[in-house]
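>>> how would this look folded up:
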Amino acid sequence: MADDPTTPVDLMRALTRAERLLARRVGVVLTAEGLTVEAWRVLCRLADGQGHPMSEVSTEESLPPGTLTKIVDQLVDQNLVHRRIDPFDRRRIRAYLTPRGRREHERIDALVRAELAGIIDDATLTGQLVDLVARLDPRRLPVRAG
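Residues are numbered from 1 along each chain as shown. Below you'll find the predicted structure:
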């Protein structure tokens, strides 16, 4: 593979490899904390405090609905997440972090950031990746850097 991805397949390979290496590295930290990478992504999605419909979390975190339900069930059992009926559309369920979930998210986020120090603080790279996501699928919600 070229150091500078110039073809679509080079770009796909580089992004896939980077995602796998990053997930493996973060996974070591998360496993020690009793979380999976997928559960961590759900906690991060909910960390803004707004509560998110399960369908949105499923789409934005690329998790099949059944898998997301199992993950959220586990997070509920750990008292990290709770569900509420959407006040605007009673057919929808929103997921939120519990106070304990917020504390755990902040604590584990610090561990993950320490593990990735020197990697994720490259604002140019992160900005380019966020830009790429927006160009590839402009209908998706904006990806929050950091």
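>>> Now for the most centrally placed residue in the chain: which residues touch it?
The residue lying closest to the centre of the chain (CA atoms, centre = their mean) is residue 41, at 2.8 Å. Taking CB atoms under 8 Å, 6 or more residues apart in numbering, we find residue 41 in contact with 61, 63. Where you see a C-beta, it was placed from the backbone N, CA and C, and this is true even at glycine.
>>> can you tell me how far it sits from residue 137?
Look at residue 41 and residue 137: by CB to CB, to the nearest Å, they are 17 Å apart.
>>> The residue nearest to the centre of the chain belongs to a strand?
No: counting by DSSP: H, G, I helix; E, B strand; the rest coil, residue 41 falls outside a strand, being helix.
>>> Could you check the pLDDT of it?
Confidence at residue 41, expressed as pLDDT, is 96.
>>> repeat for residue 118
Looking at residue 118, the pLDDT reads 81.
>>> what do you get for residue 105?
For residue 105, the predicted pLDDT is 98.
>>> Specify the local secondary structure of it.
helix.
>>> Verify the contact between it and residue 47 for me.
Yes: assessed by CB atoms under 8 Å, residue 105 is found in contact with residue 47 at 5.1 Å.
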